[in-house]
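# Kindly generate the corresponding structure for this input.
(chains A and B)
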Amino acid sequence: MEVKEIIESGTLELYVMGVLSAEETRQIDNLRTAHPQVEEEIQRIERDFEAFAKAQAVAPANQLKEEIAGKLKFGIGLDLDQDKVSAIIVELTPLMKVAAAAAIAAIIVLTGVVIYFSGRLTVANNQVAKLQEEKEVLLYQNEALNKESLGLNKQLSALTDAATKPVLLTGQAASPQSRAVVFWNASNGAVCVNAAALPAIPAQKQFQLWAIVNGKPVDLGVLDKNSSLLMMKTVTNAQAFAITLEPLNGSPQPTLNQMYVLGNV
Amino acid sequence: MGYKEAAGFSHLPFYFRKAYFYNLQVRAEDGVKYTEEVLIAELKTKSRKAFDYLYDNYSPALYGVIKNIVKDEQTANDVLQEAFVKIWNGIAGYEPSRARLYTWMINIARNQAIDKLRSGNTLSRKENNDFIRKETENSKQLPFVEGIGLRKLIEELEEEQKQIIDLLYYKGYTQSEAAEALNIPLGTVKSRVRLAMVKLRKFF
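Now for the predicted structure:
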């Protein structure tokens, strides 16, 4: 259907007068939405008919107005200011207000939920980071322990070697209750001492280990702590071992009256 | 909640004019001629003020059309009242996208008057048609009463165009009824209306 044809046909005039059938009216309803020229022509025809009606205007009798007003129900009008026609304010209908309120409430709730879970997430992440750290520390410590364990195994092998001889050093006059054990491997000369049973000593003093070789004392080093096992200097031909209390860092010759323990091989 | 200002609505697509989306509130100066949107907003509140404006500005045109249809003054008064009641009741459902307010009101008035005319008319449609045919054949009398402003207008129209306006506009004939009454094809009815409109436009 050509738009121009429709306009020229007079159908639109009949549409405006409301004399078209329901079907035809529907057709024009669709047409005017689809074609702005049709819409424009319809509006123009409406204005023409309005002018046509105005041209035949006759004032009704005066009293008619109130008679008619009496038949109508009136509502409260808009609060018209003395302002100029400035704006048409669009307010949402109650339906839309409820919908808008619900939507906003939903957004607030969802935002709250998001914030809450985001907080939880941060906490969780922090925990993960902390655990990572702890894991690293543990790995490090584990490595250290492994090394120590290896070391200890080595020591144990050395001490329990068939060639190793334990020599018990018993307390002497300076300290009758003291004990010590020397593990001496005669074949390779390794000396290990267990000085745990020696008493505590003043700060300026240190224990020193001696080997007695052919009646002469040989320095095997100072004990830097009272621990179970200390590796000392080696000696291949010892007849006895002794520990004396010396000043810090030891002495070239043992202080005989400070002999704590002594033992023969 | 959700106020938005717009100077007018003609630029909005029809969808947004649906009443259930929004209500219109208006700021306007008293005594100023309302734009259609402003008037509609006020009308939908059914205020006395809205009625006053409507009656004062539009009732003469409505009354004139009604009178040209029913002729009798008392009947015209009744019809005007009935028309206003119909307009008042219908304003809530009025959609600007369908028709201009003025046109909508005029059609309500016209239909009310035509219904009144028919209910009082003892002649059948066929008898009516014969009557018209005889009348228009016999005289150059104008089928409808002229308003003062209408006189020049009417003189412009051809006989056949006046007839068609009379039947369709003032007597509420359908196209086919008019075609039958005048013994012309349907298409001719339409084209005569169009020609009448084109001529009338010169005056508006």
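# which residues in the chain form helices?
All of this refers to chain A. With helices called from DSSP state H, chain A shows them at A:3-9, A:11-17, A:22-34, A:36-55, A:64-70, A:94-159.
# actually chain B
For chain B, applying DSSP H gives helices covering B:36-44, B:48-70, B:73-90, B:101-120, B:125-138, B:150-156, B:159-165, B:175-182, B:186-201.
# mean pLDDT lowest for which of those helices?
Note on the helices of chain B: helix B:125-138 shows the lowest mean pLDDT, a mean of 59.
# For the closest residue to chain A within chain B, give me its contacts.
Going by CB to the nearest CB, chain A is nearest to B:Ser47 of chain B, at 2.7 Å. From N, CA and C alone the C-beta is placed, and that goes for glycine too. B:Ser47 makes contact with A:74-78, according to CB atoms under 8 Å, 6 or more residues apart in numbering or on different chains.
# Next, format the residues you listed as TSV and append neighbour count.
Below are these laid out as TSV (neighbours: other CB atoms under 10 Å in any protein chain shown):
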residue	neighbour count
A:Phe74	14
A:Gly75	10
A:Ile76	10
A:Gly77	17
A:Leu78	19
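# now those residues in TSV, with pLDDT and distance to B:Ile91?
Output for the contacts of B:Ser47, formatted as TSV (pLDDT from 0 to 100; distance: CB to CB, whole Å):
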residue	pLDDT	distance to B:Ile91
A:Phe74	89	12
A:Gly75	84	11
A:Ile76	77	15
A:Gly77	71	13
A:Leu78	69	14
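# Restricting to those residues, which residues neighbour chain B?
A:74-78 (CB under 8 Å from any CB of the partner chain).
# Next up, the contacts around the nearest residue to B:Gln175 once chain neighbours are set aside.
Leaving aside its chain neighbours, B:Gln175 sits nearest to B:Val189 (5.0 Å; criterion: CB to CB, 6 or more residues apart in numbering or on different chains). When contacts are counted by CB under 8 Å, 6+ apart, B:Val189 is found next to A:10, B:164, B:168, B:175, B:178-179, B:182.
# again, but for A:Phe207
Contacts for A:Phe207 (CB under 8 Å, 6+ apart) come out as A:195, A:198, A:201, A:222-223, A:226, A:243-246, A:260.
# any idea how far chain B is from it?
Distance of A:Phe207 to chain B, computed by CB to the nearest CB, to the nearest Å: 91 Å.
# Over to A:Gln132?
From A:Gln132 across to chain B, the span is 50 Å (CB to the nearest CB).
# Let me know the distance separating that residue from A:Ala196.
40 Å (CB to CB, to the nearest Å).
# for A:Leu248, same thing?
Applying CB to CB to A:Leu248 and A:Ala196 gives a distance of 21 Å.
# more neighbours, those two?
Set side by side, A:Leu248 and A:Ala196 show more neighbours around A:Ala196, with 14 against 9, by other CB atoms under 10 Å in any protein chain shown.
# The residue nearest to that one when sequence neighbours are not counted: neighbour count?
Leaving aside its chain neighbours, A:Ala196 sits nearest to A:Ser228 (5.2 Å; criterion: CB to CB, 6+ apart). For A:Ser228, the count of nearby residues is 13 (other CB under 10 Å).
# is it true that A:Ser228 touches A:Ala197?
No. Judged on CB atoms under 8 Å, A:Ser228 makes no contact with A:Ala197 at a distance of 10.0 Å.
# would you turn the helices of chain B into JSON lines with distance to A:Asp161?
Shown next, in JSON lines, are the helices of chain B (distance: least, CB to CB, whole Å):
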{"stretch": "helix B:36-44", "distance to A:Asp161": "110"}
{"stretch": "helix B:48-70", "distance to A:Asp161": "118"}
{"stretch": "helix B:73-90", "distance to A:Asp161": "118"}
{"stretch": "helix B:101-120", "distance to A:Asp161": "118"}
{"stretch": "helix B:125-138", "distance to A:Asp161": "137"}
{"stretch": "helix B:150-156", "distance to A:Asp161": "137"}
{"stretch": "helix B:159-165", "distance to A:Asp161": "135"}
{"stretch": "helix B:175-182", "distance to A:Asp161": "128"}
{"stretch": "helix B:186-201", "distance to A:Asp161": "128"}
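# between those helices, which gets nearest to A:Ala59?
Nearest to A:Ala59, of all the helices of chain B, is helix B:48-70, at 4.9 Å by CB to CB.
# Give me the helices and strands touching the closest one, please.
In terms of contacts (3 or more CB pairs under 8 Å, 6 or more residues apart in numbering or on different chains; DSSP states H and E), helix B:48-70 is packed against helix A:36-55, helix A:64-70, helix B:36-44, helix B:73-90, helix B:101-120.
# possible to save those as CSV with mean neighbour count and distance to A:Leu138?
Shown next, in CSV, are the helices and strands packed on helix B:48-70 (neighbours: other CB atoms under 10 Å in any protein chain shown; distance: least, CB to CB, whole Å):
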stretch, mean neighbour count, distance to A:Leu138
helix A:36-55, 19, 78
helix A:64-70, 14, 93
helix B:36-44, 20, 76
helix B:73-90, 19, 84
helix B:101-120, 20, 84
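# who wins for proximity to A:Ala180 among these?
helix B:36-44 (111.1 Å).
# Is that closest one in proximity to chain A?
Yes. Helix B:36-44 lies within reach of chain A by CB under 8 Å from any CB, at B:37-38, B:41-42.
# Does the spatially closest residue to A:Gly263 that is not a sequence neighbour have any beta-bridge partners, and if so which?
Using CB to CB, 6+ apart and skipping the chain neighbours, the partner closest in space to A:Gly263 is A:Leu169 (3.7 Å). The residues listed as beta-bridge partners of A:Leu169 by DSSP bridges are A:Ala180.
# where do the strands sit along the stretch 151-265 of chain A?
A:164-171, A:179-185, A:191-194, A:205-213, A:216-223, A:230-231, A:240-247, A:259-264 (DSSP state E, counting those that start in this stretch).
# Now tell me which of these the model trusts least on average.
Among these, strand A:230-231 has the lowest mean pLDDT, at a mean of 84.
# how many other residues sit next to the residue of the stretch 101-250 of chain A found nearest chain B?
Proximity to chain B, evaluated over the stretch 101-250 of chain A using CB to the nearest CB, is greatest for A:Ala101 at 7.3 Å. Number of residues near A:Ala101 (other CB under 10 Å) recorded here: 12.
# related to what we said a few turns ago, most neighbours among the contacts of B:Val189, please name it.
B:Ile164 (31 neighbours).
# Disregarding residues adjacent in the polypeptide, which is nearest to that one?
B:Arg192 (4.5 Å).
# Same check on A:Ala238?
Leaving aside its chain neighbours, A:Ala238 sits nearest to A:Ala211 (4.0 Å; criterion: CB to CB, 6+ apart).
# can you tell me how far that neighbour sits from B:Glu180?
The gap separating A:Ala211 from B:Glu180 is 148 Å, by CB to CB.
# of the two, who's got more company?
More crowded of A:Ala211 and B:Glu180, by other CB under 10 Å: A:Ala211, with 25 against 16.
# Who is that one paired with across the strands?
Using DSSP bridges, the beta-bridge partners of A:Ala211 come out as A:Val218, A:Phe241.
# just A:Thr164 next, same as before
Listed by DSSP bridges, the beta-bridge partners for A:Thr164 are A:Asn185.
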